[in-house]
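**Student:** Any chance you could fold what I've pasted below:
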Amino acid sequence: MNSADRLSRVDALLGIAVDGAAAAIPGGPGDVSAPHNRAAAFLLRRALEDRLDSILGARHPVLLRCAARTRIAWLAQHVGTASAGRYATTWHCLSLACHYHRSVLPPTRAELRGWRDDVAAVLRELPTP
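**Tutor:** Residues are numbered from 1 along each chain as shown. Next up, the predicted model:
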């Protein structure tokens with residue numbers, strides 16, 4: 001599954017119209033349950049990570065074994081601080097949304113739709129390997 005596939009799956013989970021028709025999966029658009037929202041957050045974060053991993057795999061495969069923050073720091077040096085900053089901010093927000101905390105509400109659909117747009121914008125900015 002690549003980044004585009006993950007974004008399509010998020011669209012289905014969030015009920016975003018695809019090719020003029022509303023996307024629908026069981027428990028999708030009308031379901032406001034936390035598990036679906038967290039699943040969408042995981043897919044969005046993984047879409048970002050997939051692109052970065054493919055860039056690193058083509059240029060510096062040894063960095064694939066490094067922590068995410070190290071890979072993001074490398075990104076800032078090679079694609080510019082603005083794009084890397086957007087990547088880091090979006091990745092950080094999604095990472096927080098992915099993890100369950102008793103005192104924190106799960107992400108809302110509105111937040112996820114915003115992050116979905118952010119992920120799509122970041123993916124357009126990043127080079128393809």
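**Student:** Any buried residues in the longest helix seen in the chain, and which?
**Tutor:** As assigned by DSSP state H, the longest helix anywhere in the chain is helix 34-59. Using 16 or more other Cβ atoms under 10 Å as the test for burial, helix 34-59 gives 36-56. C-betas here are computed from N, CA, C, even on glycine.
**Student:** and the residue nearest the centre of the chain, what does it touch?
**Tutor:** In the chain, the residue lying closest to the centroid (Cα atoms, centre = their mean) is residue 44, at 2.4 Å. Counting by Cβ atoms under 8 Å, 6 or more residues apart in numbering, residue 44 makes contact with 6, 7, 10, 94, 112, 115, 116, 119.
**Student:** one more time with 10 Å, if that's ok
**Tutor:** 3, 6-7, 9-10, 13, 90-91, 93-94, 97-98, 107, 112, 115-116, 118-120 (Cβ atoms under 10 Å, 6 or more residues apart in numbering).
**Student:** Okay, and which of those residues map to helices?
**Tutor:** Mapping these onto helices (DSSP H) picks out 3, 6-7, 9-10, 13, 90-91, 93-94, 97-98, 112, 115-116, 118-120.
**Student:** Pull out the buried members of these.
**Tutor:** Counted by 16+ other Cβ under 10 Å, the ones in helices among the contacts of residue 44 give 3, 6-7, 9-10, 13, 90-91, 93-94, 97-98, 112, 115-116, 118-120 as buried.
**Student:** Would you confirm that residue 85 contacts residue 73?
**Tutor:** No: the pair residue 85 / residue 73 is not scored as a contact, 11.5 Å apart, by Cβ atoms under 10 Å.
**Student:** From residue 105, how far off is the residue nearest to residue 83 when sequence neighbours are not counted?
**Tutor:** Excluding its sequence neighbours, the residue lying closest to residue 83 (Cβ to Cβ, 6 or more residues apart in numbering) is residue 125, at 4.5 Å. Distance, residue 125 to residue 105, using Cβ to Cβ, to the nearest Å: 30 Å.
**Student:** Looking at those two, which has the bigger crowd around it?
**Tutor:** residue 125 (15 against 9; other Cβ atoms under 10 Å).
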